[in-house]
Structures are given as structure tokens and as C-alpha cells.
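**Student:** Quick one: sequence plus predicted model below, questions after.
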Amino acid sequence: MKNKELTYEEAIIKLESILEQLEDDGNTLDESIDKFKKGIELYNYCNNLLYKAEGELKILLEDKEGNMLDIEFPMEG
């Protein structure tokens, strides 16, 4: 599965898995570098998804004049 097919949540799970694998002392240098590269790709993919979502929210939260609406979201917990 390519990154473009992953949801944000799936990508985070894969990234966490890679981080756990990197913490394992049994990796060769080449394996560690390969996992690090994959981790960076997933990190960038997740950041891009968040950036796009933020942009969509800003559009939804603007009034007709382009001013941001002041909306408080309820906190969970």
C-alpha cells in the first residue's frame, strides 16, 4: 500500500511501528537507514494531510468577508 492510499490514522500506526523497529538494536546500518527514510516519508505524508485539513477548516470557518470566525470547540474528556 502506497502512502497516498493511507488514511492519517493508518499512516501514524505505520510510523509508530517503524519507530519501534528503529529502537530495536538488531538492525543493521542499512536496515536502519531504510526504515528511517520510510519514517521520514510517512512523517511528511502525515504533515501534508494535516496541512490540507487545516486549510479546509480555515475555509469552512471564514465569514463572507474572509474573517476567521471565533468558534470554541468542546474539549473531550
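**Tutor:** Sure, I can see it.
**Student:** Secondary structure element for the spatially most central residue of the chain, which one?
**Tutor:** The chain has C46 as the residue nearest its centroid, 2.0 Å off, counting by CA atoms, centre = their mean. Using DSSP states H and E, C46 sits in helix 29-60.
**Student:** Now do the buried residues in that helix.
**Tutor:** Buried positions in helix 29-60, judged by neighbour count with 16 or more other CB atoms under 10 Å: 35, 38-39, 42, 45-46, 49. (Each C-beta comes from the backbone N, C-alpha and C, glycine too.)
**Student:** what packs against it?
**Tutor:** Of the remaining helices and strands, those touching helix 29-60 by 3 or more CB pairs under 8 Å, 6 or more residues apart in numbering; DSSP states H and E are helix 8-23.
**Student:** Can you mark which positions in the helix it packs on are buried?
**Tutor:** Under the neighbour-count criterion of 16+ other CB under 10 Å, helix 8-23 has 11-12, 14-15, 18 buried.
**Student:** From G55, how far off is the residue located most distally from the centre of the chain?
**Tutor:** Among residues of the chain, the one most distant from the C-alpha centroid is E65; the distance is 31.1 Å, by CA atoms, centre = their mean. From E65 across to G55, the span is 19 Å (CB to CB, to the nearest Å).
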